[in-house]
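Trainee: any chance you could fold what I've pasted below:
(one chain, ligands or ions: 1)
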Amino acid sequence: MAHFANAVMRPLLGPTFVRPVSLGAINMADFERVRVRAQPFRPPGRCKKDIASRRVIISPDCVFLTSEYECDTFGETFSVEIKPKQGWHSLKATCSVDLCHRCLKQHAKLFSGEIGSISEYCPLDLFSGDKARMKRAVFDLCESPCNRFKLFKNGDLIYTEGVGELSDVEREMGSLFSGLSPLDSLAALLCTALLSPLEEFHSKQWSVDESFVSLDPRSSVRSKVCDTHSLPLPDNCILQRLLTLQRHTDISDADAKVLCDWLLSTIDDLEGFQQLMLWQPNTKLEHQLSQKELDQVLQLQRFLLSVTAKDVSLLITFRQVEEKQKPTAAPTFHFRSLDKSFRVMISVIDLDPKPVHRIATWVKRKEEWLQTYFHSIKQDGSSSLLPAS
Ligand SMILES: [Zn+2]
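Mentor: Coordinates of the predicted model:
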């Protein structure tokens, strides 16, 4: 996992956006202590899995600024975690479902009674490059956070589903952006940061795009289908880098399953195959494979990489900067109408490699969602969504 994060995802997404991790080992006493003390804080659904290894991944705590970013800052450190999910509509090419991957899943879960309501958040809005829709996406996340939106203050989780209230966010942001509407200002800072090519320029001073503040996130009428229109995202901003990785593959889940089954039937060295799928070199096996098989391995690697990219979280961590700051390589965003500047650090987390044996489950799950979806349309005659003829 550490190799994948450091040697594969970090170069692809850019060192500005991925903090390197390292490996460590803990002794038996610490292992037991962590196991026992962490248990009460874990969601019940996860408790059936327990930690098993004393080898650990050491990662910076990205809800705080690293020392490079922290220089000349003061006050509270806030961090917003967003799980953006898939920012483009991959189903469009293969069948006429007018919902993106994430909305299809939500729709199916709602219809089958797994969830009681769905958040209005659609990833296509966040990745649209359209300012009004991006702001709406941030508001949708904020108002209906589920586990896709979290706000941390000095490392403590103060708002997400089941923790805190939206009014807590308004109060905290109200004192930070005093004089402006708190949520509008937060959305402006977040959207500007997400659209800025932070790695590209040596000058690290940016202006918050304050046109976001006055945009009405509810101005456009939401249709029943996901809006697939989009504007090009600025090169090398985090959203563009992430979207490029999500689109890194030209094969569908079903194609990937066929490819995987084929390779598993021809390759005897299963351990070596798993290694290659995790982007680790295995020259012995590579020499045994034909060029065609090597190309197929590469296709599967790219597919699994795109799956990881669809499941990451972004942490946007920020803190106010002193008036007389020293020149620094860390990005600073100036809010002109407040005459305040903020240091902003964006980190991509949850960069785990996805296991190849899960492909069959993904294919099955998507088929189930599609069936549920078409079934729901049949029951709802008023809907304009129809399956492909
Ligand atoms: Zn959608």
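Trainee: what about residue 61, is that helix, strand or coil?
Mentor: coil (DSSP: H, G, I helix; E, B strand; the rest coil).
Trainee: wouldn't it be in contact with residue 155 here?
Mentor: Yes: between residue 61 and residue 155 there is a contact under CB atoms under 8 Å: 6.9 Å. Bear in mind the C-beta positions are built from the backbone N, C-alpha and C, glycine included.
Trainee: looking at this, residue 170 is in a helix?
Mentor: Yes: the assignment for residue 170 (three-state DSSP) places it in a helix.
Trainee: show me what contacts it?
Mentor: 182, 183 (CB atoms under 8 Å, 6 or more residues apart in numbering).
Trainee: ok, now how distant is it from residue 164?
Mentor: 11 Å (CB to CB, to the nearest Å).
Trainee: cool, and residue 238?
Mentor: Taking CB to CB as the measure, residue 238 falls 26 Å from residue 164.
Trainee: so between these two, which is more surrounded?
Mentor: residue 238 (25 against 19; other CB atoms under 10 Å).
Trainee: interface residues of the stretch 201-350 of the chain facing the ion?
Mentor: For the stretch 201-350 of the chain, the residues in contact with the ion (CB under 5 Å from the ion) are residue 226.
Trainee: where in the stretch 201-350 of the chain is pLDDT low?
Mentor: 201-203 (pLDDT under 70).
Trainee: circling back: residue 61 and residue 155: which is more packed in?
Mentor: A count of neighbours by other CB under 10 Å puts residue 61 above the other of residue 61 and residue 155, at 13 against 10.
Trainee: ok, the residue of the stretch 201-350 of the chain found nearest the ion - contacts?
Mentor: Closest contact between the stretch 201-350 of the chain and the ion, by CB to the ion, is at residue 226 (3.3 Å). Residues in contact with residue 226, defined by CB under 8 Å, 6+ apart, are 89, 98, 99, 100, 103, 122, 124.
Trainee: can I get these in TSV with neighbour count?
Mentor: Conversion of the contacts of residue 226 to TSV gives the following (neighbours: other CB atoms under 10 Å):
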residue	neighbour count
89	21
98	20
99	22
100	26
103	24
122	24
124	24
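Trainee: wait, which of those residues is closest to residue 160?
Mentor: residue 122 (19.2 Å; CB to CB).
Trainee: can you give me the strands in the stretch 1-150 of the chain?
Mentor: 22-25, 55-58, 73-82, 149-153 (DSSP state E, counting those that start in this stretch).
Trainee: least reliable of those strands going by mean pLDDT?
Mentor: Lowest mean pLDDT of these: strand 55-58, a mean of 90.
Trainee: packing partners of that one?
Mentor: Packing contacts for strand 55-58, counted by 3 or more CB pairs under 8 Å, 6 or more residues apart in numbering; DSSP states H and E, involve strand 22-25.
Trainee: can you rerun that using 10 Å?
Mentor: For strand 55-58, the packing partners by 3 or more CB pairs under 10 Å, 6 or more residues apart in numbering; DSSP states H and E come out as helix 2-3, strand 22-25, helix 28-38.
Trainee: and the longest one, how far from the chain's centre?
Mentor: In terms of CA atoms, centre = their mean, to the nearest Å, the gap separating the centre of helix 28-38 from the centre of its chain is 29 Å.
Trainee: show me what counts as buried in it.
Mentor: residue 31 (16 or more other CB atoms under 10 Å).
Trainee: next one: stretch 134-148
Mentor: Within stretch 134-148, the residues that count as buried by 16+ other CB under 10 Å are 134, 135, 136, 137, 138, 139, 140, 141, 142, 144, 145, 148.
Trainee: what's the burial count for the closest residue to the first one other than its chain neighbours?
Mentor: Of all residues not flanking residue 134 in the chain, residue 191 sits nearest, at 5.0 Å (CB to CB, 6 or more residues apart in numbering). Residue 191 is surrounded by 22 other residues when neighbours are defined as other CB under 10 Å.
Trainee: just the contacts of residue 226 that are near the ion?
Mentor: With CB under 5 Å from the ion as the criterion, these include 100, 103, 122 near the ion.
Trainee: report the contact partners of the last one.
Mentor: Applying CB atoms under 10 Å, 6 or more residues apart in numbering, one finds that residue 122 lies in contact with 85, 87, 99-100, 102-103, 106, 128, 133, 136-137, 140, 222, 225-227.
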